[in-house]
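K.L.:
Below is the sequence, then the predicted model.
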Amino acid sequence: MTYFADVAALTRKDLKVELRARDTLPAMLLFVLSTLVVFRFALPQGAGDDAAYGLLWVAIVFTALLGLGRAWVPEQEHGVLDGLVLAPCDRSAIWFGKTLATLAFLVAAQVVALPAFVLFFAPLDATALAGVVLADVGICAVGSLMAAMAAAGRARELLLPLLMLPLAIPLVVGGVGAAVSPEGERYLLFLALYDGVFAVLSWASFEYVITE
Amino acid sequence: MIRARGIEKRYGRRRVLAGIDLDVPLAGFVLVTGSNGSGKTTLLRIVAGLAAPTRGTLEVDVDRARMGFLAHEPLVYRELTALENLDLFGRLYRVPERRERIGMLLERFGLWEARGERVSTYSRGMVQRLALCRTLLHDPDLLVLDEPYSALDEQGAELLDRELDELVGRRTLVVSTHDPRRLERLATGRLALA
Amino acid sequence: MGLAIFLALLVAPEDLDQGVSQRIFYIHVPVALTAYFCFGLGAWKALVLLWRGEERYDLESYVAIHQGTIFGVLTLVTGSIWAKASWGHWWLWSEDQLVLFLVLFLFYCAYFMLRFSLEEGPRRARSSAVYALFGVVLIPISFLAIRLAEGLIHPTVFTREGPQMSGSMFATFCVSWAAVTLLAYVLYRVELAGKRLDTDLRELREALQ
């Protein structure tokens, strides 16, 4: 199916560009580690594990925002986005490719951050990790769209967090719940619902956001 | 090929184009002239489908797959090589015999030796030549070129001259320029923007 | 309009066995419902905009969302007063409706920031429309999230004080709801007309240049 071939080509392109430019992923890694350390000092003595999970999610969301803020930068240099829009492929494939690539970067940052979290703070079980993965999908799916919207305007670095944070609240609830609650599965189900609904919405509306 | 009536384009309060009519016959070559800021780029972007006119009608007989647009910007990825850039666009445009076509174009535009280098290492002239390769990659029926000579070096300009000579009469062309002398002899029609 | 609201406030005192909290209820709930309706209307107009591509729907969607936000703020204010009157606190995280409106308020403020940072034109219209659609989908999802979060933050069993609506109370409620809806409708049309006038004036000025 040419649609998925297009998506694959676009995702590969994003991975290649980042591998060469090497500016976003190292920044995300450093950011998430620094944030965790800051949180260590921000937490008062004797604060429970639960508080730590909450802070983990704050760190994840803001690291994701960092990555998303830079997601469309390669397309803005030399105006390449126009080149992609002109191509006969489905515009949603552009969103799809970008989402997958951003997801890869976020997961890569977490591969370092999560063990660090377990080391500094508290353990993470399978449900918690599943929550992280599901929420990652949601953040990247919606975030790619929002980042594209913000990129067209002024003050884009400021606008993206403003657009994303209200949308990220349900994800934080889901993620923390998966980590903390004895009924973690319920939260996983909720995250899956969020992902399903918002990913489809993002996929369908991307076309309208980048064309006139 | 192209029929535009009463094209008007406004960005917020600024009016960039007003009451433009354009007719481009099949295999025609229309030269769009005007000083800087006269709206040439905007008009070409509208024709290419990247912008929608605020008012007016536009009919273009080809879809995106059969149209090639050379923009003001090169529309290539800085961090990828010429080969990788053309390979990506070749896939997106479903170019048959992609590798051969890419090789042929790179050679024709003198980029074969540099094909494995990242675009960020290229001179402005080389980047523009790569942009031309990208525009011609899928052998489009309609070519919309926005000031193609502006960023070209001497060698590139000669290559483009040769290319245009071959394309005239076989493909439809809409080219904007602020120096019409070079292309006047080839043009079948002209549109001057204020 | 003002008369209807005045009436609603007056009729309520007639049922003297209720306190201030109940009176606020007559305004708070209709205002909240109207806010939901406005957001829904804004999303609907947004959908039509994306479907039909006619830019006039952009203004209609924007005005609807603007009204929705105003009523959203009113919901927060009246809700806060209700909370203070009923339970002695100006804010309660356990009050679902209130928290939901807080999240929505943040979301729709971002909507206005989005419009502010984009240049007028089809781009802005479409991006706003897409964001408006996200907003309306966020309403139920946020509500679910808040409910789930309650389990984390406040594992208290909280019975919602649902007033048993006797005849006159119900009538008062309906009058109030009708009044608020009418108010919203009038405000919507007034703002829409005003904005349309602005655009027409501007176009006229341009044409004369």
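P.N.:
Yes, it's here.
K.L.:
Show me the helices in the chain, by range?
P.N.:
Assuming you mean chain A. Here chain A has its helices, by DSSP state H, at A:2-21, A:24-42, A:49-69, A:73-76, A:80-86, A:91-120, A:126-151, A:156-180, A:184-210.
K.L.:
You answered for a different chain; I wanted chain C.
P.N.:
C:2-14, C:20-52, C:56-87, C:96-117, C:122-153, C:167-208.
K.L.:
Let me have those helices in TSV, extended by mean pLDDT.
P.N.:
Below are those laid out as TSV (pLDDT from 0 to 100):
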stretch	mean pLDDT
helix C:2-14	52
helix C:20-52	87
helix C:56-87	90
helix C:96-117	93
helix C:122-153	90
helix C:167-208	81
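K.L.:
Nearest approach to residue A:58 belongs to which of these?
P.N.:
helix C:122-153 (14.7 Å; C-beta to C-beta). For every residue, glycine as well, the C-beta is placed using N, CA and C.
K.L.:
Report the angle between the closest one and helix C:20-52.
P.N.:
140 degrees (axes from the mean of the first three to the mean of the last three C-alpha atoms, to 10 degrees).
K.L.:
How far away from the center of its chain is helix C:122-153?
P.N.:
Centroid separation between helix C:122-153 and its chain, computed with C-alpha atoms, centre = their mean, to the nearest Å, is 14 Å.
K.L.:
Relative to residue A:27, which of the helices of chain C is closest?
P.N.:
helix C:96-117 (23.7 Å).
K.L.:
What is the burial count for residue C:87?
P.N.:
The number of residues packed near residue C:87 is 13, by other C-beta atoms under 10 Å in any protein chain shown.
K.L.:
any chance of the helices of chain C in JSON lines, with distance to residue A:100 too?
P.N.:
Below are those laid out as JSON lines (distance: least, C-beta to C-beta, whole Å):
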{"stretch": "helix C:2-14", "distance to residue A:100": "53"}
{"stretch": "helix C:20-52", "distance to residue A:100": "25"}
{"stretch": "helix C:56-87", "distance to residue A:100": "31"}
{"stretch": "helix C:96-117", "distance to residue A:100": "25"}
{"stretch": "helix C:122-153", "distance to residue A:100": "21"}
{"stretch": "helix C:167-208", "distance to residue A:100": "41"}
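K.L.:
Looking at these, spot the one closest to residue A:11.
P.N.:
Of the helices of chain C, nearest to residue A:11 by C-beta to C-beta is helix C:122-153, at 22.8 Å.
K.L.:
in that closest one, what counts as buried?
P.N.:
C:122-139, C:141-146, C:148-152 (16 or more other C-beta atoms under 10 Å in any protein chain shown).
K.L.:
again with stretch B:185-194
P.N.:
B:186, B:187, B:191, B:193.
K.L.:
Which members of these are positioned in strands?
P.N.:
residue B:191 (DSSP state E).
K.L.:
quick one: which of the buried residues of stretch B:185-194 is nearest chain C?
P.N.:
Lowest distance from chain C to the buried residues of stretch B:185-194 (C-beta to the nearest C-beta) belongs to residue B:193, with 17.9 Å.
K.L.:
which residues does that closest one contact?
P.N.:
B:17, B:20, B:32, B:33, B:34, B:38, B:39, B:40, B:43 (C-beta atoms under 8 Å, 6 or more residues apart in numbering or on different chains).
K.L.:
Would you mind naming what in chain C lies close to chain B?
P.N.:
Neighbours of chain B within chain C, by C-beta under 8 Å from any C-beta of the partner chain: C:119, C:120, C:121, C:122, C:202, C:206.
K.L.:
and the nearest residue to the third one once chain neighbours are set aside, how many residues sit next to it?
P.N.:
If I follow you right, that is residue C:121. The shortest distance from residue C:121 to any non-neighbouring residue, by C-beta to C-beta, 6 or more residues apart in numbering or on different chains, is to residue B:11 (6.0 Å). Number of residues near residue B:11 (other C-beta under 10 Å) recorded here: 14.
K.L.:
Which pLDDT value goes with residue A:21?
P.N.:
On pLDDT, residue A:21 comes in at 87.
K.L.:
quick one, what contacts residue 108?
P.N.:
Defaulting to chain A. Residue A:108 touches A:25, A:29, counting by C-beta under 8 Å, 6+ apart.
K.L.:
Switch to chain B, please.
P.N.:
Residue B:108 is in contact with B:159, B:163, counting by C-beta under 8 Å, 6+ apart.
K.L.:
can stretch C:74-84 be found next to chain A?
P.N.:
No. Using C-beta under 8 Å from any C-beta, we find that stretch C:74-84 stays clear of chain A, coming within 14.6 Å at best.
K.L.:
so who does the residue nearest to residue C:121 touch?
P.N.:
The contact partners of residue B:11, by C-beta under 8 Å, 6+ apart, come to C:119, C:120, C:121.
K.L.:
Generate a ChimeraX selection restricted to the buried subset of those residues.
P.N.:
Per 16+ other C-beta under 10 Å, the buried members of those correspond to this ChimeraX selection:
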select /C:121
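K.L.:
What is the neighbour count of residue A:177?
P.N.:
26.
K.L.:
Skipping adjacent residues, who's closest to it in space?
P.N.:
residue A:187 (3.4 Å).
K.L.:
what about the one you found, neighbour count?
P.N.:
For residue A:187, the neighbour count with other C-beta under 10 Å is 29.
K.L.:
thinking it is in contact with residue A:172, fair?
P.N.:
No. Residue A:187 is beyond contact range of residue A:172, at 10.7 Å (criterion: C-beta atoms under 8 Å).
K.L.:
Show me where chain B has its helices.
P.N.:
So, for chain B - with DSSP H - the helices run B:40-48, B:82-92, B:98-108, B:124-136, B:154-167.
K.L.:
okay if I get those helices as JSON lines plus mean pLDDT?
P.N.:
Below are those laid out as JSON lines (pLDDT from 0 to 100):
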{"stretch": "helix B:40-48", "mean pLDDT": "92"}
{"stretch": "helix B:82-92", "mean pLDDT": "95"}
{"stretch": "helix B:98-108", "mean pLDDT": "94"}
{"stretch": "helix B:124-136", "mean pLDDT": "94"}
{"stretch": "helix B:154-167", "mean pLDDT": "89"}
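K.L.:
Any chance of a markdown table for those, columns distance to residue C:193?
P.N.:
A markdown table is the format used below for those (distance: least, C-beta to C-beta, whole Å):
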| stretch | distance to residue C:193 |
| --- | --- |
| helix B:40-48 | 32 |
| helix B:82-92 | 46 |
| helix B:98-108 | 57 |
| helix B:124-136 | 48 |
| helix B:154-167 | 54 |
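K.L.:
Near residue C:194, how many other residues are there?
P.N.:
Residue C:194 has 10 nearby residues by other C-beta under 10 Å.
K.L.:
which residue sits closest to residue A:49 in space, ignoring its chain neighbours?
P.N.:
Leaving out its chain neighbours, residue A:49 is closest to residue A:122 (C-beta to C-beta, 6+ apart), at 4.1 Å.
K.L.:
ok, which residues in chain A are in contact with chain B?
P.N.:
Counting by C-beta under 8 Å from any C-beta, chain A sits next to chain B at A:2, A:5-6, A:9-10, A:13, A:16-17, A:20-21, A:74, A:77-80, A:82-89, A:211-212.
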